[in-house]
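Engineer: Pasting the sequence and the predicted model now:
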Amino acid sequence: MPSKRFAHLDLDNFFVAVEERYNPSLHGQTVAVGGQPDQRGVVASASYAARARGVRSAMPMAQAVRLCPELRIVPPHFTRYQQASRRVMEYLCTWSPLFEQRSVDEGVFRIEHIAMEKTALAEQIQTYIRDTLGLPCSLGIAQGRATAKMAADTGKSQATKGQPPNAITIVPAGTEAAFLAPLPIDTLFGVGPQTAIRLRQQGIRTISDLAQWNDADLLHTFGRWCLPLAALSRGHDTSDVEIGRQRQSVSQERTFTADITDPQVLTQQIRRQARAVSRRLWTLGQQGKVVRIKVRWADFVTLTRQVALAAPTYEEATVTNAALDLFNTLWHQKAAPVRLIGLGVDQIGELTPQLDLWQPQTAARLTRDTQLAATLSQLKSRFGETAIRWGDETNTSHQEELLMTTPHQPTVTLYTDGACRGNPGVAGFCSILLAGERRRILTGGYARSTNNRAELSAVLLGLEALKMPCVVTVYTDSTYVIAAAKNCRELQQRHWWQSGHVAVPNWDLLERLIPLLDQHQVAFAKVQGHATDQLNNECDREAVAASHRNDWPFDPGYGRTPPPLPEPPHLFE
Amino acid sequence: MKFTCKRQDLSRGLAMVGHAVSTRSTLPVLANLLVVTEGDHVRLSATNLELAITCRVAARVEEEGTTTIPARLLTDFVNALEAGDVELGPLPGGTPGVRVRGGTSEANIRGMDASEFPTIPQIEGAEQPLVLDIGELRGMITQTTFAAAMDDARPIFTAVLTRARDGKLTFAAADTFRLAVRTTALTGDVSRPDDMLIPARTLNELSKIVPPEGSVEVFTTSARNQIVFRAPGLEMVSHLIEGQFPNFDAIVPKTLTTRVVMPTDKLRAAAKVAALFAKSDSASNTVKVAVTPGQEGLTPGVVTLQATNDELGDSTGTVDATVDGPAVNILFNIKYLNDVLAVIDTPEVVLELNTAQSPGLVKPLGNDNYLYVIMPLYSRG
């Protein structure tokens, strides 16, 4: 069998290199691409000059600035990186059909068919990418995909500090074991930090230490997972490029600007992520069987929890419910400030949802959605990722969001109360808004309504008065309001009918509440009614006063039932 | 309480009531069975509160009485005895339980007081019972219950809709993805104004315990919330599920453009092979069914079943068929296809289709009493 040869290409310091092309004054400076330090931004990529000062990727930007006060912080431009990456990868594809893109700045391809001296080949590729595309890169060439990557990494790490490495490292066939032998164990492909710790505990510090163990001892000491690593350490690299590698999962995560303690804010974030993930699945034409959430607490302890669904899905509601169940279980175990929350759908495959006998219109909806997805992706491939967006999508992609974190949102406190003379009877309600030093009192009423409607109307009055997305805490003495806010989405999904035949009371008000809960980060807090809370008491007085006025209009929604449930339509409609 | 009976008779009775014993209930007495002497026989009863089974075992009663005994232990003990007489008598000192003696063994089995056992309704029908042939009933159960939903998310779909009207008895079950409907002729005027929703689990248990032949009387309680099945020496009472089963006539496709007739065993074999590959973590047990019409007088029509699994590989099954109508490519959950092929007992089977997104119909050829509607998986093709 003719031996395989692989070239692994790694763009040196990719994000910074791209930024330098747009702004040459950055060249040679201490530069970090990432989020702002006062917004808990993270370093995505640091220039070599900055690295020489100790700045590293994934380091909090605040720490980077402490290490290097003159650091120039550049906000990330992901579209630029994607464009540059695409041009590099397209060029590499011209060298070999057996090409695999491993990440935005890494690609690996087979080169045994190229009748060129390998160093000359590597130099030609490197020169082209530097001169034509303006980006430095390093290459590693070896007999297996993993070894080629390790060769490239080793070349980069041995370069002069403060300079782009532009390294070329070639491992001649048969010398793999000798090449790897002196390298530290954590540079072995497939060895992560946890594995490295376990191996070091047994005295394995370099790759040759591992190569010297026999399989029986490894099996006994570590387990089966260690055998492929050992084979690799001995130079037996059987890894190959994976062409058309299937995407295994779709996920999203977010680091908060400030640690979040309010479970309502967290569940809202999960809902948003579920929506985004479900849309992404749908755009990809995929469905998934496993829903997973990831929670990182303020102490950096990170847990993931997952659940297998009964049937694969892409539906937002199913993903949301599964994720919320997982979250509630986790939260029950550890209700502590949360730094990061993430949601993913795994084990994904082609989207073939099972149609329902009594919902034949689903097929038509899916067809419409599929056509829309195709149109969207055409638009995006022609005009770029940002050409078209969902109406409720923020202006940043989720990657950007990760680094940039949340924009500043004003914090508002809302005291609400409703009163009703007779139930039903004349209703009055009041909302006190507190934002910083500012304070507003809003009142309203209805000639004939109920107590619960008055309580809900008070909340709506306050929330609808907000002019921009806010972080809101609503204080109410109504248990009903808290329960209704918690359950309203589920009730809406049932079209406001419980058990199929009982109308959900005050559904019209809840329908107004849901978009407000989406728009703002709302948390509800219960206060004891008619007790010591001054603001609640004031609110109560205003509401009672309002209920004594006789000029209120009639409540248009009082006594109205929700639209009837759709009849199961005929199959051949 | 003291009586003697044949070991075989007792074993058979214990096996029957064992189907209603609940071992995981929070009510410990439900793991027991109730024994009551009644003249020339004893009555054994067990219940899991959803369904109760009572059977009679011929016995020579020396002393009337009643008690409850752990069902599993008594059954295992009696099964371990050699053939012959078994004598059950009281435990010394009046403790609840029995002393069982048979062959070379004797055991004292502790029980619980009979007063703790739930009352099993003794029901006389408020109406004339339906009389059903056991063979026919068992066939109806086999051909429908598998299509009912397994989970309790929507209780009505765990039931088999039972309708006695116009001289016809209809069983229908659906889990919203497929629907199985079986009918049989009724003798006599026994129409019922209301449909009944019998739990599919109840019917499955019934099918296991009724004698191989004979007939079963079926009636509901006057409150219409319970149903009783009565065969010689055996009575089963079950609750009925409340609710409205959706109109199933409306979803049975009336006009179909492609009709395929195939040998049942050939299609069954191809579907079994496809199932080996259709099982996958991410997809929905998808099998791709391609129906290709033949050319008249030249080639037969063909149905191919294709299944692909990213890790395992793929398979293709090809079945010659008589195809009337245009070609169709459609995706099914292979389980839904296999389930129905397992219960079709005619040599040839009919598959009728419209489009890739509309329901298909499966029927035994030459038998109008059964049909199965199967909803496809959505395909983007």
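Structural biologist: Everything's here; your move. Since we're looking at a predicted model, the values are computed, not measured.
Engineer: where does chain A have low pLDDT?
Structural biologist: The model of chain A has pLDDT under 70 over residues A:1-2, A:161-162, A:242-248, A:377-378, A:380-409, A:500, A:566-573.
Engineer: and the host helix or strand of residue B:161, what other elements does it pack with?
Structural biologist: Under the criterion of DSSP states H and E, residue B:161 resides in strand B:159-165. The contact analysis (3 or more CB pairs under 8 Å, 6 or more residues apart in numbering or on different chains; DSSP states H and E) places strand B:159-165 against strand B:168-174, strand B:196-199, helix B:200-209. Quick note: C-beta positions are derived from backbone N, CA and C, even for glycine.
Engineer: so which of these comes closest to residue A:549?
Structural biologist: Closest approach to residue A:549 among these (CB to CB): strand B:196-199, 54.0 Å.
Engineer: Get me the contact residues on chain A for chain B.
Structural biologist: With the criterion set to CB under 8 Å from any CB of the partner chain, chain A comes near chain B through A:246, A:285, A:287-289, A:310-312, A:347-358, A:360, A:362-364, A:366-367, A:370, A:568, A:570-572.
Engineer: Out of the residues you listed, which end up buried?
Structural biologist: Neighbour counting over the residues of chain A next to chain B (16 or more other CB atoms under 10 Å in any protein chain shown) leaves A:285, A:287-289, A:312, A:347-358, A:360, A:362-363, A:366, A:571 as the buried ones.
Engineer: For the stretch 1-150 of chain B, give the residue positioned nearest to chain A.
Structural biologist: Using CB to the nearest CB, the single residue of the stretch 1-150 of chain B nearest to chain A is residue B:150, 9.7 Å away.
Engineer: Let me know the distance separating that residue from residue B:248.
Structural biologist: Noted for residue B:150: a distance of 19 Å to residue B:248, by CB to CB, to the nearest Å.
Engineer: Which strand or helix spans residue 131?
Structural biologist: As the question left the chain open, I've gone with chain A. Following DSSP H and E, one finds residue A:131 within helix A:118-132.
Engineer: Actually, chain B is the one I wanted.
Structural biologist: strand B:130-133.
Engineer: That strand pairs with which strands?
Structural biologist: Strand pairing for strand B:130-133, using DSSP bridges, gives strand B:215-220 (antiparallel).
Engineer: helices and strands around the host helix or strand of residue A:374, which ones?
Structural biologist: Element membership for residue A:374, per DSSP H and E: helix A:361-383. With contacts taken as 3+ CB pairs under 8 Å, 6+ apart, helix A:361-383 sits against helix A:263-284.
Engineer: Could you list every helix and strand that the helix it packs on packs against?
Structural biologist: Packed against helix A:263-284 by the contact rule (3+ CB pairs under 8 Å, 6+ apart) you find strand A:249-260, strand A:286-297, helix A:316-333, strand A:338-350, helix A:361-383, helix A:507-519, strand A:521-526.
Engineer: Put the alpha carbons of the helix holding residue A:374 into PDB.
Structural biologist: Provided in PDB are the C-alpha atoms of helix A:361-383 (Å, rounded to 0.1, in the frame of the first residue of the first chain):
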ATOM      1  CA  GLN A 361     -51.500  20.400   7.400                       C
ATOM      2  CA  THR A 362     -48.000  19.800   9.000                       C
ATOM      3  CA  ALA A 363     -46.600  18.600   5.700                       C
ATOM      4  CA  ALA A 364     -47.600  21.800   4.000                       C
ATOM      5  CA  ARG A 365     -46.100  23.800   6.700                       C
ATOM      6  CA  LEU A 366     -42.900  21.900   6.600                       C
ATOM      7  CA  THR A 367     -42.700  22.300   2.800                       C
ATOM      8  CA  ARG A 368     -43.200  26.000   3.100                       C
ATOM      9  CA  ASP A 369     -40.600  26.200   5.900                       C
ATOM     10  CA  THR A 370     -38.100  24.200   3.800                       C
ATOM     11  CA  GLN A 371     -38.500  26.500   0.800                       C
ATOM     12  CA  LEU A 372     -38.000  29.400   3.100                       C
ATOM     13  CA  ALA A 373     -34.900  27.900   4.500                       C
ATOM     14  CA  ALA A 374     -33.500  27.200   1.100                       C
ATOM     15  CA  THR A 375     -34.200  30.800   0.000                       C
ATOM     16  CA  LEU A 376     -32.600  32.100   3.200                       C
ATOM     17  CA  SER A 377     -29.400  30.100   2.700                       C
ATOM     18  CA  GLN A 378     -29.200  31.200  -1.000                       C
ATOM     19  CA  LEU A 379     -29.500  34.800   0.100                       C
ATOM     20  CA  LYS A 380     -26.800  34.300   2.700                       C
ATOM     21  CA  SER A 381     -24.400  32.600   0.400                       C
ATOM     22  CA  ARG A 382     -24.800  35.500  -2.100                       C
ATOM     23  CA  PHE A 383     -24.900  38.400   0.200                       C
END
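Engineer: Much appreciated, bye for now.
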